[in-house]
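**Student:** What follows is a protein structure lacking sequence information:
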């Protein structure tokens, strides 16, 4: 916060005041025994150590490894006419991702160009084609996802106790705070107990830290940038803090896992290590490639002040333009003299986030994301719009092949995964869109034919197959996705469970509660009759049945994997399927009963669906939010 003298001063016009060190008051907080021994490691912890690890030119590195290309050879990865990755040797020729592939070739005639893998109809896996055509092919990034997963796995195995948040396909945040705390107590055992003569007990400050050798730990950002960084480090020795010790231990751990990944997988990574996520991400790009940089607390002011603030995430769009225009400023240092009161008056209460970021304060946590994928999407922006209903089948098969590969990859890690629904979406431009979804039938094996059949059915319901009828919209985008992906294991029962008589049902719908009047004997008799009918209707020569299609709701009801895969006779499986069939029929009966009138009424009327609520148009966001919302 501002000091009283500065907070009372007004920002007059566009004149610039001088930023002072009062803006960075927390560079050397007092660290106590309580901080060291606390089990609640909050984002305000003064011994916090966060890293952002970034794979160098990741897509290009993946293709170099796949093709066995020398890392010194200039290489780019192409997606249609654009470049999506440029390795560092190619960047020396002035090639960037803003270039077209043919323009890049003019800058470097020896440039190796690799087009990303693409799917085409009829192929189960993506392939590398000499001349892929956007009119018939679809881009695949599956290879890069797999390689990214390998790196993430090595992070998890090599950094036990650390919290790891996968930020993107080639980036991950790592919170070293807990393992660093353990290493501190291991290396400096005298910190494990509070001295008897400590003046304030557990709230007493820690003794002075030992000197640090930064050799081999990476590039240390200088506190006062000079021409001679080694001389600067010697000058800074008397400013060493326990926070620096924590950062040095994190750098040691980070360096080891980076080296292991390079030795095992062949990829180089760059890392930034600092006290929070924001600073770690900025520091990761300090010295690239294949390096790691450490930002000590005392180095934060001179590192941030000259930095163009519009390079900071979320400050590069409309909000950054508004700040630059309002105050005629370019760098973080230019914005520091603006008081919090002035900034909130102009940009709303939430602009305290901007105020703190400019001073290197970020309290966001590193949160490990669930490995369970809730949804999967395969989509294609069409170079040529679909003009006939029959043309949709081609793209559905292409998208189905991608979903097949991704779902099978996920099931290798978690065999019980299965999507609840499949969704087909179509769109005209970015405005007109329609979608249709349906339950996705369970199958022990996932094939493109299975997914394409479900997609074709949705297409027929949404569009139709009659080419004589005009399309409802001009389709320029097609998407096929899975939703509600979850493990089926939690809901599975053992075989014995299928042969227990079902309990009397509780029916609850729209506030009405009733109990089925069927007795246990009647349920058992009904089950036996249904089982007899089901088994009788089955083809004697067919393999063991594992599912049935409901004629009322159209859903496919399947036995769980543990029943299908169990080493039991076909008769047992048929009986289990019969019980499943009965339970599903009881479900429909329960719904029917819930719609019946109370006893004594003369007529039977189904309750109408409640009226749909009118959509309330949301008002435009105010304050800083209006700059962050996409139109």
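**Tutor:** Right, received. Where do you want to start? Given the structure is predicted, the values throughout are model-derived calculations rather than measurements.

**Student:** so who does the closest residue to residue 484 other than its chain neighbours touch?
**Tutor:** The shortest distance from residue 484 to any non-neighbouring residue, by CB to CB, 6 or more residues apart in numbering, is to residue 420 (3.0 Å). (Glycine included, C-beta is placed from N, CA and C.) When contacts are counted by CB atoms under 8 Å, 6 or more residues apart in numbering, residue 420 touches 439-440, 483-486.

**Student:** now do residue 102
**Tutor:** For residue 102, the contact set (CB under 8 Å, 6+ apart) comprises residue 81.

**Student:** Can you give me the buried ones in the helix or strand it falls within?
**Tutor:** For residue 102, the host element (DSSP states H and E) is helix 101-107. Neighbour-count burial for helix 101-107, counted by 16 or more other CB atoms under 10 Å, picks out 101, 104.

**Student:** downstream neighbour of it in the secondary structure list?
**Tutor:** Next helix or strand after helix 101-107 toward the C-terminus (DSSP H and E): strand 112-115.

**Student:** Sheet partners, orientation included, of that next one?
**Tutor:** Strand pairing for strand 112-115, using DSSP bridges, gives strand 75-79 (parallel).

**Student:** Using the three-state scheme, assign residue 255.
**Tutor:** Secondary structure, DSSP: H, G, I helix; E, B strand; the rest coil: residue 255 is helix.

**Student:** And the residue nearest to residue 484, how far from residue 458?
**Tutor:** As judged by CB to CB, to the nearest Å, residue 420 and residue 458 stand 15 Å apart.

**Student:** what ranges of the stretch 1-150 of the chain fall below the confidence cut-off?
**Tutor:** Scanning the stretch 1-150 of the chain with the threshold set as pLDDT under 70 gives 1-22.

**Student:** Could you rerun that using 90?
**Tutor:** Low-confidence segments of the stretch 1-150 of the chain (pLDDT under 90): 1-29, 38-44, 98, 120-125, 130-131, 135.

**Student:** how about the helices in it?
**Tutor:** Using DSSP state H, counting those that start in this stretch, the helices found in the stretch 1-150 of the chain span residues 4-7, 33-37, 58-67, 88-91, 101-107, 142-158.

**Student:** would TSV of these with distance to residue 214 be doable?
**Tutor:** Output for the helices of the stretch 1-150 of the chain, formatted as TSV (distance: least, CB to CB, whole Å):
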stretch	distance to residue 214
helix 4-7	35
helix 33-37	22
helix 58-67	27
helix 88-91	25
helix 101-107	38
helix 142-158	22
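
**Student:** out of these, nearest to residue 206?
**Tutor:** With CB to CB as the measure, helix 33-37 is the member of the helices of the stretch 1-150 of the chain nearest residue 206 (6.6 Å).

**Student:** And the closest one, what does it pack against?
**Tutor:** In terms of contacts (3 or more CB pairs under 8 Å, 6 or more residues apart in numbering; DSSP states H and E), helix 33-37 is packed against helix 177-187.

**Student:** can you list contacts of the helix it packs on?
**Tutor:** 36, 41, 45, 47-50, 159-163, 191-192, 242, 245-246, 249-250, 253.

**Student:** Out of these, list just those in strands.
**Tutor:** 50, 163 (DSSP state E).

**Student:** Narrow the contacts of helix 177-187 to those that are buried.
**Tutor:** Listed as buried from those are 36, 41, 45, 47-50, 159, 162-163, 191, 242, 245-246, 249-250, 253; burial here means 16+ other CB under 10 Å.

**Student:** Sketch out the strands for the stretch 201-350 of the chain, chain order is fine.
**Tutor:** With DSSP state E, counting those that start in this stretch as the criterion, the stretch 201-350 of the chain has strands at 219-220, 269-274, 292-294.

**Student:** Can you tell me which of those strands is most buried?
**Tutor:** When you average the neighbours per residue for each of the strands of the stretch 201-350 of the chain (mean count of other CB atoms under 10 Å), strand 269-274 leads with a mean of 28.

**Student:** what residues are up against residue 105?
**Tutor:** Taking CB under 8 Å, 6+ apart, we find residue 105 in contact with 111, 113.

**Student:** Let me know whether residue 146 touches residue 408 as I believe.
**Tutor:** No: counting by CB atoms under 8 Å, residue 408 is not a contact partner of residue 146; they are 11.8 Å apart.

**Student:** Longest strand in the chain, by number of residues?
**Tutor:** Across the chain, the strand with the greatest residue count (assigned by DSSP E) is strand 376-386.

**Student:** That strand pairs with which strands?
**Tutor:** With DSSP bridges as the test, strand 376-386 is paired with strand 475-483 (antiparallel).

**Student:** right, and the helix or strand after the strand it pairs with?
**Tutor:** strand 486-487.

**Student:** So which elements touch that next one?
**Tutor:** Using 3+ CB pairs under 8 Å, 6+ apart, the elements in contact with strand 486-487 are strand 417-418.

**Student:** quick one, the helix or strand following the strand it packs on and strand 475-483 angle?
**Tutor:** Downstream of strand 417-418, the first helix or strand assigned by DSSP H and E is strand 421-428. Relative orientation of strand 421-428 versus strand 475-483 (axes from the mean of the first three to the mean of the last three CA atoms, to 10 degrees): 160 degrees.

**Student:** Against which helices or strands is the helix or strand following the longest strand of the chain packed?
**Tutor:** Next helix or strand after strand 376-386 toward the C-terminus (DSSP H and E): helix 392-413. With contacts taken as 3+ CB pairs under 8 Å, 6+ apart, helix 392-413 sits against strand 118-120, strand 137-139, helix 142-158, strand 376-386, strand 417-418, helix 448-462, strand 475-483.

**Student:** between these, which one is nearest to residue 348?
**Tutor:** strand 376-386 (34.3 Å).

**Student:** re earlier: just put the strands of the stretch 201-350 of the chain in a markdown table and tack on mean pLDDT and distance to residue 281.
**Tutor:** Below are these laid out as a markdown table (pLDDT from 0 to 100; distance: least, CB to CB, whole Å):
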| stretch | mean pLDDT | distance to residue 281 |
| --- | --- | --- |
| strand 219-220 | 94 | 16 |
| strand 269-274 | 97 | 6 |
| strand 292-294 | 97 | 11 |
